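> need the 3D shape of this:
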Amino acid sequence: MGLGLQFAWLLVLGMPVACIAWTVTHEEVFREPRQYCERECVQAQSFIRRKFFYLFTCEYCFSHYVAAGVLLVARYKLLYTDWRGYFVAFFALVWVANQYMSIYNRLRLDIKHEQVEIKADEQKVDGRKVA
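Presented below is the predicted three-dimensional model:
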């Protein structure tokens, strides 16, 4: 596989990694299990248990496990054809996925900010009509 195609695969495989990691660690559909994990990572007696449950509350940490799973399924290698290809692909995939999640998070913040501004403008307009 040529370098350009490897890079394209890296960008494409980063999307499901980011999607899965973000959904599990942020979205409403996994709220209850995430709240349980958040409690356990604070209250658990064992250090190992606290760190295990923390992995499900941090998108960066969780993306490592998702990337490993995607690499197993896709058998994707980057730059090298042996085990080193998996090693390089693993960290590159985590990095790309986290870039996607950062972009997505920034987009959500911008949209939220715009909604707040629109609501404030609507309230100003409504206030003028009443007066």
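> chain center to the helix or strand that contains Gln115: distance?
For Gln115, the enclosing helix or strand under DSSP states H and E is helix 83-130. When C-alpha coordinates are averaged (CA atoms, centre = their mean, to the nearest Å), helix 83-130 and its chain have centres 12 Å apart.
> one more: stretch 73-92?
Centroid displacement of stretch 73-92 relative to its chain, using CA atoms, centre = their mean, is 20 Å.
> how about it: buried residues?
76-78, 85-86, 88-90, 92 (16 or more other CB atoms under 10 Å). In short, each C-beta sits where N, CA and C put it, glycine included.
> same question, stretch 47-67
Of the residues in stretch 47-67, 53-57, 59, 62-67 count as buried by neighbour count, 16+ other CB under 10 Å.
> same thing with stretch 7-19?
Across stretch 7-19, burial judged by 16+ other CB under 10 Å covers 9-10, 13-14, 16-19.
> now swap in stretch 110-123 and tell me
Buried, per 16+ other CB under 10 Å, within stretch 110-123: nothing.
> quick one: mean pLDDT for that stretch?
For stretch 110-123, the mean per-residue pLDDT is 85.
> list the residues that contact Phe41.
Not Phe; residue 41 is Cys. By CB atoms under 8 Å, 6 or more residues apart in numbering, the contact list for Cys41 reads 50-51, 53-54, 57.
> quickly find the element holding it.
Per DSSP H and E, Cys41 falls inside helix 31-43.
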